[in-house]
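**Student:** Build me a model:
(2 chains)
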Amino acid sequence: MDAYDPKQIEPKWQKFWEDRGFFKVKEDPSKKKYYLLEMLPYPSGRIHMGHVRNYTIGDVACRYRKMRGFDVLHPMGWDAFGLPAENAAIKQKTHPAKWTHENIDTMRAQLQSLGFSYDWDREVATCDPDYYRWEQLVFLKMFAKGLVYRKASAVNWCAGCETVLANEQVVAGKCWRCDTPVTQKKLEQWYFKITDYTEELLNDIDDKLQGWPERVKAMQKEWIGKSEGCEIDFEVEVSKEKIRVFTTRPDTIFGVTFMALACEHPLLLKLAEKGGCKREIEKFIAKTAKIERMKRLAGEYEKEGELTGAYCLHPVTKARLPIYAANFVLMDYGTGAIMGVPGHDERDFEFAKKYNLPVKKLEEFVEAKGLGKKTVTFRLKDWLISRQRYWGTPIPVIYCKKCGIVPVPEKDLPVILPKDVSFSGKGGSSLAKHKAFVETKCPQCKAVARRETDTMDTFVESSWYFLRYISPKYNQGPVDPKEAAYWMPIDQYIGGIEHAVGHLIYCRFFTKVLRDLGFLKLDEPVKNLMTQGMVCLGGAAMSKSRGNIVDPDQIIEKYGADTARLFILFAAPVEKDLEWSDEAVEGMWRFLGRVWKGTVDRGPWTMDQQKEAWKHKTIKRVTEDIEKFHFNTAIAALMEYLNSGEMDAETMVILLSPFAPHMAEELWAILGRKESVLKQPWPQWDPKFLENQTMQIVVQVNGKLRGDFEVDAGASEEVIKQKAQELEKVRAHTAGKQIKKIIYVPKKLVNIVVC
RNA sequence: GCCCAGGUGGCGGAAUUGGUAUACGCGCAGGAUUAAGGAUCCUGUGGGGAAACCCUUGCGGGUUCGAGUCCCGCCCUGGGCACCA
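**Tutor:** Residues are numbered from 1 along each chain as shown, chains lettered A, B, ... in the order given. The predicted structure is shown next:
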């Protein structure tokens, strides 16, 4: 027989699956539906090992579910808008669309060469007008419902990308894409009112996300950052104006010795003027805005304040409290003003005691006296979605001098992103310089008007793409409601942990919005979530900039897709980081070679008790491990099966097929089977073969291992205890000692306790 | 600072309703094959010891006949949040 040659067999079976439409999926009410989804890639150029890992995990789950008789929807698409396409356009003098589509073609071919089981008829690219027109429609519906608004405020600005960023895109004070330190800029921008959904987003974490990792749920709760407290008014001396502070500890009110305001606080300058310290405060504001911002974001930061010269009165004691401007008080959290309680717990506690006020009652006391009221503050802020970039979904809005902000009428959708733009690199969005796009008529008064030239954050596209796969050609809305009712929710979602608070909150938000807009009848999009670890080399995540990349194509070229898939599953548990090892890849190659040889060269074959026992034990282990995503131990079980010398080739090939599908198909054919191995039902194990005729009993003396013996499965406790004591080594340790007691763990162990 | 996850051979990792620690793979050593190398196959492989045995799951206590697993106290690593009032 020929040696194992993946180069020959892999393309052959990929074509076989393709020609027969094996992965095309339709609604099939005779089966149970299973929506399996992996996070879609950004078409950056080539597939990297992180993709291979993510999609191999998904592919095993898909093939397994199909063999278990599920109707599996397993689609793939492209998160195709984004800044790298524009940067490439500038650098390589090409067009973002061309660059993107070429990358998609390359990466699609790479995914196909790995044998992944996608229904390519449902492929979606988010830069396609047929895709983003529905996003624009959703935008308009959200606008009509008040879920989209425009607001001027200090926003995160990345000078490298020349655009604003959402809070979720600022990581440790730096831009998530290019690492440029983020600065603040005052701009008028578009926002999605995600804060309308804060309570629901928070409550559903515990109520409806039982299939999510605790880690992700904890991260989302922290991100939403609910904190309950009290708002209390402090009267300003002389002017009778009131300053409202937020505190989570109203019980510390008697410890207040000063008040501090954020530099952006609207009353600050007025107070400073009154206090005669206007110049000092202005200087302080300028200093804080300029230098401190950078330090603040970097985490190195010194607490500083400046007296306004003004005073406020303690609401209970009427004591005079100095008002400061302070650089650590944030305008966008609470009320932008705090009450200073330097002594915090102990002193406050004593103070309260002195005035005979029970600590627990202070909150009620504050409320009853009308000094303040209970409030809830969240960390989560509205989602800033406008981007000053060309390669994104145009925001469907027109500015008219007379009518103001006018939404584009639905019948005029899509607002198409023009292709004929020039890319200079600097000086703002290319779209804003496109006259024919910018100049338009007001849909209401027909006067000359200007189109919005900002585009949407690319995270908007990925917030609902999973719905488009369901009915990719549907032309009455983003998703066919009937099909959505059948396929949603996503039964299993697989992707990187880095999306825990960005994408995975946004897509939950969008689902709720689409529900409230009448597109869906669903509260949560994802039933079960699996987050896989990173692929590392030399202890650090593989990345182009670090130069520690292993190219998947090289591995496929040298060993084939099956070896690559097997290695990436075997090397580490799926949720942990994986360290790349060329030697371990060799090990997988050897394993597959031995499976090949063992199957192809197998001699006359008859099952016996021993072989049945191995077979059923292996089916059980592999099945249970796949269900739990314990692919590394599932593969180990297959290795042990091979090593046992009791391997039944048919069973081996079927169990191996989700992991190494090409080899499995080839071997299945060599074994003389006509149908594809994918059409085989997943085997069941029969417990009756798992029961051994004999059992091994381990013997301990005082908890230390002293021997073992084989005994008939039906042996009685007395016989076993007797046999245990007769073992030579056991006698050596019990001789001359008194046996206190003998513990028997059925079918496993005897422990003889002596003095 | 607060919260979460983890710490097991030379390495990746198995095993937790408490019951044979180190499965499986890599690496290493010896052997077979080969003119030789590579590839492949076989055997061995936690540490100490001639052996009997003893020691070993980050460290220190505890519970138990028996602890990688449970309890208490520490140390370290990774991740998340953070001048959030």
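
**Student:** Apart from its neighbours in sequence, what residue is nearest residue A:693?
**Tutor:** Nearest residue to residue A:693, sequence neighbours excluded (CB to CB, 6 or more residues apart in numbering): residue A:713, at 5.5 Å. All C-beta atoms are positioned from the backbone trio N, CA, C, and that covers glycine.

**Student:** doesn't residue A:695 make contact with that neighbour?
**Tutor:** Yes. Counting by CB atoms under 8 Å, residue A:695 is a contact partner of residue A:713 at 5.4 Å.

**Student:** The two: which has the busier surroundings?
**Tutor:** Neighbour count, other CB atoms under 10 Å: between residue A:713 and residue A:695, residue A:695 has more, with 17 against 10.

**Student:** and the more buried one, bridged to which residues?
**Tutor:** Beta-bridge pairing for residue A:695 (DSSP bridges): residue A:711.

**Student:** The residue in the stretch 101-250 of chain A that RNA strand B sits nearest to: neighbouring residues, count only.
**Tutor:** The minimum distance from the stretch 101-250 of chain A to RNA strand B, using CB to the nearest atom of the strand, falls at residue A:247 (3.2 Å). Residues lying near residue A:247 (other CB under 10 Å) number 21.

**Student:** same check, this time on the one 10 residues further on
**Tutor:** Counted with other CB under 10 Å, the burial measure for residue A:257 works out to 14 neighbours.

**Student:** and the gap between it and residue A:322?
**Tutor:** Residue A:257 sits 8 Å away from residue A:322 when distances are taken as CB to CB, to the nearest Å.

**Student:** what stretches of chain A score poorly on pLDDT?
**Tutor:** For chain A, applying pLDDT under 70 flags the ranges A:1, A:290-303, A:342-371, A:425-427.

**Student:** quick check: domain ranges of it?
**Tutor:** A:31-133+A:459-535, A:134-193+A:383-458, A:226-378, A:542-688, A:694-754 (automatic domain parsing).

**Student:** need those in a markdown table with distance to residue A:216, can you?
**Tutor:** Formatted as a markdown table, those follow (distance: least, CB to CB, whole Å):
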| stretch | distance to residue A:216 |
| --- | --- |
| domain A:31-133+A:459-535 | 5 |
| domain A:134-193+A:383-458 | 14 |
| domain A:226-378 | 17 |
| domain A:542-688 | 11 |
| domain A:694-754 | 38 |
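
**Student:** quick one: which of those domains is nearest residue A:220?
**Tutor:** When the domains of chain A are ranked by proximity to residue A:220, the top entry is domain A:31-133+A:459-535, at 6.0 Å, counting by CB to CB.

**Student:** is RNA strand B contacted by the closest one?
**Tutor:** Yes. Domain A:31-133+A:459-535 lies within reach of RNA strand B by CB under 7 Å from any atom of the strand, at A:497, A:501.

**Student:** Where do the helices of the stretch 501-650 of chain A begin and end?
**Tutor:** A:503-516, A:552-559, A:561-570, A:582-600, A:609-627, A:631-644, A:649-656 (DSSP state H, counting those that start in this stretch).

**Student:** what residues does the stretch 651-755 of chain A put near RNA strand B?
**Tutor:** A:696, A:698, A:700, A:702-705, A:708, A:729, A:732, A:741, A:743, A:745, A:748-749, A:751, A:753.

**Student:** Fine by me, thanks again.
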